[in-house]
Structures are given as C-alpha cells and as structure tokens.
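J.: structure for this input, please:
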Amino acid sequence: MSTLDQLVQAVRRQLMGYALTQEQVSEVTAPISETDTTFALDPGDARQIGRGVVEIDDELILVRSFDASTGTVTVMGGLNGRGYAGTTPAAHSAGSLVTSAPAFPRSDVKSAIAETITFMYPDLNVFGETEIVCSAAIWEYELPADAEGIWYVVGETIGPSRMWTPKPNVRYNGNADTGYFPSGKSAQLLDGNVPGRRYRVVYNKPPTLLVSGDQDFTDTGFPATAEEAVKWGACARLTPAYEAGRLQQRAVESAERGRIVGEQAALRTAAYYQGLFETALAKERRKQLEDLATYQTFQG
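T.: Residues are numbered from 1 along each chain as shown. Just a heads-up that it's a prediction; the model follows:
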C-alpha cells in the first residue's frame with residue numbers, strides 16, 4: 001500500500017522511464033515563504049536554471065533570472081510568478097528540491113490521480129454501514145448524508161439462530177423529505193417489520209480524494225489492490241500531453257524529437273495505458289462483487 005506521494009512517484013516513473021528523461025534538479029539553501037519573490041539555490045549544482053518554470057514541492061514558479069555567482073533566483077512578475085499555472089503558493093523548507101521545466105508537474109499528476117479515483121466510482125464502490133431498529137409504525141428510515149445507494153440489507157432473525165437474513169424488498173430514496181430525514185437520504189424497508197429487530201444497511205458512497213502526501217491510498221475507501229488501476233488511469237490521462245507538445249515545436253529539442261517520435265505515438269501509448277486501466281478496474285469490480293454480495297438472487 002502506498003501513500004499519495006509514493007503513488008505520484010510511481011506514475012511519474014512510469015511516464016518518464018528510469019534513464020532516458022533526466023530532469024535538471026537543484027535544492028533550496030534557505031527557507032522560502034509563500035510571498036518571497038527571490039530565493040537561493042546551491043550555486044554549485046544549479047547550472048540549468050533559466051527563464052521559465054521550476055517546480056518546488058507542488059508549486060510551480062515562473063523564473064525571471066538566475067545569478068549563478070550567488071545562486072539567487074528572481075521570480076518573474078513578483079507575486080504573480082508564484083503559484084504559476086493554477087498551483088498554490090506555499091512555504092518551502094531548506095533542502096527542498098527544485099526541478100527545472102518538469103515534464104509532469106506533481107500538481108498535474110495529483111490532479112490525474114484524483115480524476116481517476118473519481119471516475120472509478122460507481123464501477124468500484126466505497127461502502128458505509130448503518131443499523132436501524134425497526135418500529136411497527138415506521139417503514140422509512142434515515143440514511144447518512146454520504147449514502148448514494150443501497151448495496152444490501154440484512155435483518156436480524158427471531159429466535160436464537162444468530163443469522164441475519166437478506167431483505168430484498170428495500171428501496172433507496174435519494175430525495176427524502178428533509179422534514180423527516182435531515183440528510184435527504186432514506187431507506188424504505190418494505191418487508192414485514194418486527195418491532196425491536198435490527199436491520200443492517202450497507203450503502204455505497206463516493207471515494208474520498210487524497211489531499212496530503214502522507215495519506216495512505218486506502219484512505220480513499222478503495223482496497224489497496226485498486227491502486228494499480230489508479231496508476232494506469234492517471235498515466236492514460238497524462239500521456240496525451242506529449243502529443244500536444246508536437247503542435248508547438250518552437251524549441252530545437254522539440255523539432256528534433258518530432259522527427260524521431262512518430263505521429264500519434266503518445267495517443268497509442270495512452271490507449272495502451274487505458275487498456276491496462278480498464279482491465280485492472282474490471283478485476284477489482286469482479287473481486288468486489290465476490291467479496292460483498294448484493295443478494296441480487298433474492299430479489300422478487
């Protein structure tokens with residue numbers, strides 16, 4: 001099981017390879033606040049810093065100039081150059097790595113991971129559980145606000161059997177009267193109710209997006225095995241950026257690579273990753289149905 005930071009690195013390694021793409025990296029020698037418009041790098045290894053974009057942690061910064069003798073970097077446009085391309089200006093500690101012209105910025109990789117996690121639902125579900133104590137006069141009961149459907153319901157049996165039996169005659173109401181059900185979600189239990197007996201409702205809900213780099217993947221609510229599908233899905237979303245680069249070959253390197261890398265190569269690679277994603281997602285879906293039956297065979 002990986003953290004978000006580890007998953008980001010796995011996606012970037014897959015996209016960039018292990019040797020062919022070597023980004024120029026330096027390090028910050030003194031802390032940077034979110035409002036600093038100059039910062040210091042180690043002049044001994046910061047030789048490729050020029051006008052353009054650098055990445056520190058998750059922030060992109062637009063650079064105006066670099067003084068090689070002192071290691072001082074000046075931000076273009078003052079504060080307007082901080083938090084470039086929709087990233088968030090942030091404080092950075094001494095020793096933070098500075099990457100020049102990152103091929104796949106961490107912020108973009110995180111966005112692709114979040115989009116993939118969101119896309120996987122409801123093909124792959126996250127589950128919550130609540131219990132209801134039956135009342136003879138009540139047939140509809142409130143569900144938690146995050147419920148978006150009912151996966152299955154089981155009810156306590158009468159007597160010492162210790163068995164919970166499937167209750168197929170249940171309907172999810174996502175537009176429940178908030179006067180009775182403040183969450184706006186409810187379960188209508190249409191089987192014969194035995195007062196005092198408990199119903200256990202397992203409901204499906206959306207996954208939780210990862211925000212902090214040290215969060216474990218399973219904080220999404222998905223099982224650890226679903227991490228593979230997320231990795232391939234993120235790769236499929238990011239790879240077409242290579243194809244877009246062919247449309248603006250202003251740099252010598254771009255023009256030269258355009259002769260070597262065939263047209264639509266990135267799109268074919270994206271399709272390959274998409275295939276891996278769909279296979280991994282289908283595998284997780286099958287596993288989920290096997291591990292957590294919906295009792296569909298009991299439906300009348």
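
J.: element containing the spatially most central residue of the chain, please.
T.: Using C-alpha atoms, centre = their mean, the residue of the chain that lies closest to the mean C-alpha position is Ala114, 2.4 Å off. Using DSSP states H and E, Ala114 maps to helix 106-120.

J.: in that helix, what counts as buried?
T.: 106-110, 112-114, 116-117, 120 (16 or more other C-beta atoms under 10 Å). Bear in mind the C-beta positions are built from the backbone N, C-alpha and C, glycine included.

J.: please apply the same query to stretch 207-220.
T.: For stretch 207-220, by 16+ other C-beta under 10 Å, it's 207, 210, 215, 217, 220.

J.: the helix holding Ala114 packs against which elements?
T.: Contact partners of helix 106-120 among helices and strands, from 3 or more C-beta pairs under 8 Å, 6 or more residues apart in numbering; DSSP states H and E: helix 4-16, helix 227-238.

J.: what pairs with Thr74 across the strands?
T.: Under the criterion DSSP bridges, Thr74 forms beta bridges with Thr38, Ser65.

J.: okay, now the domains of this structure?
T.: Listed by automatic domain parsing, the domain ranges of the chain are 1-20+103-121+210-300, 22-102, 126-205.

J.: make a markdown table from those domains and add mean pLDDT to it.
T.: Compiled in a markdown table, the domains of the chain are given as follows (pLDDT from 0 to 100):
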| stretch | mean pLDDT |
| --- | --- |
| domain 1-20+103-121+210-300 | 85 |
| domain 22-102 | 91 |
| domain 126-205 | 91 |
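
J.: which residue ranges of the stretch 201-300 of the chain form helices?
T.: 227-238, 240-245, 252-260, 265-291 (DSSP state H, counting those that start in this stretch).

J.: looking at these, which is buried most?
T.: helix 227-238 (a mean of 24; mean count of other C-beta atoms under 10 Å).

J.: can you list the residues that contact it?
T.: Residues outside helix 227-238 that contact it (C-beta atoms under 8 Å, 6 or more residues apart in numbering) are 1-2, 7, 10-11, 14-15, 104, 108-109, 112-113, 115-117, 119-120, 124, 217, 222, 270-271, 273-274, 276-277, 280-281, 283-284.

J.: which residue, neighbours along the chain excluded, lies closest to Ser33?
T.: Ala91 (5.3 Å; C-beta to C-beta, 6 or more residues apart in numbering).

J.: okay if I get the helices and strands packed on helix 106-120 as CSV plus distance to Ser135?
T.: Converted to CSV, these look like this (distance: least, C-beta to C-beta, whole Å):
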stretch, distance to Ser135
helix 4-16, 44
helix 227-238, 42
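
J.: nearest approach to Thr72 belongs to which of the ones you listed?
T.: Proximity to Thr72, assessed across those by C-beta to C-beta, is greatest for helix 4-16 (28.6 Å).

J.: what angle sits between that closest one and helix 265-291?
T.: 140 degrees (axes from the mean of the first three to the mean of the last three C-alpha atoms, to 10 degrees).

J.: so how far is helix 4-16 from its chain's centroid?
T.: Relative to its chain's centre, helix 4-16 lies at 12 Å (C-alpha atoms, centre = their mean, to the nearest Å).

J.: buried ones in that helix?
T.: Buried, per 16+ other C-beta under 10 Å, within helix 4-16: 4, 7-8, 10-12, 14-15.

J.: and the next element down the chain from it?
T.: Next along from helix 4-16, by DSSP H and E: strand 25-27.

J.: contacts for that next one?
T.: Against strand 25-27 from outside (C-beta under 8 Å, 6+ apart): 41-42, 45-46, 49, 95-100.

J.: check stretch 106-125 too.
T.: Contacts of stretch 106-125 (C-beta under 8 Å, 6+ apart): 4, 7-8, 11-12, 55, 57-60, 85-87, 148-149, 151, 204-207, 209-210, 220, 222, 226, 229-230, 233-234, 237-238, 277, 281, 284-285, 288.

J.: next: stretch 50-57.
T.: Contacts for stretch 50-57 (C-beta under 8 Å, 6+ apart): 28, 32, 60-66, 73, 76, 84-85, 90, 92, 96-102, 105-106.

J.: output it as PDB, nothing but the C-alphas.
T.: What follows is stretch 50-57, C-alpha atoms only, in PDB (Å, rounded to 0.1, in the frame of the first residue of the first chain):
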ATOM      1  CA  GLY A  50      16.900  29.900 -16.700                       C
ATOM      2  CA  ARG A  51      13.900  31.900 -17.600                       C
ATOM      3  CA  GLY A  52      10.900  29.600 -17.400                       C
ATOM      4  CA  VAL A  53       9.200  27.300 -15.000                       C
ATOM      5  CA  VAL A  54      10.600  25.500 -12.000                       C
ATOM      6  CA  GLU A  55       8.800  23.200  -9.500                       C
ATOM      7  CA  ILE A  56       9.300  23.100  -5.700                       C
ATOM      8  CA  ASP A  57       7.200  20.500  -3.900                       C
END
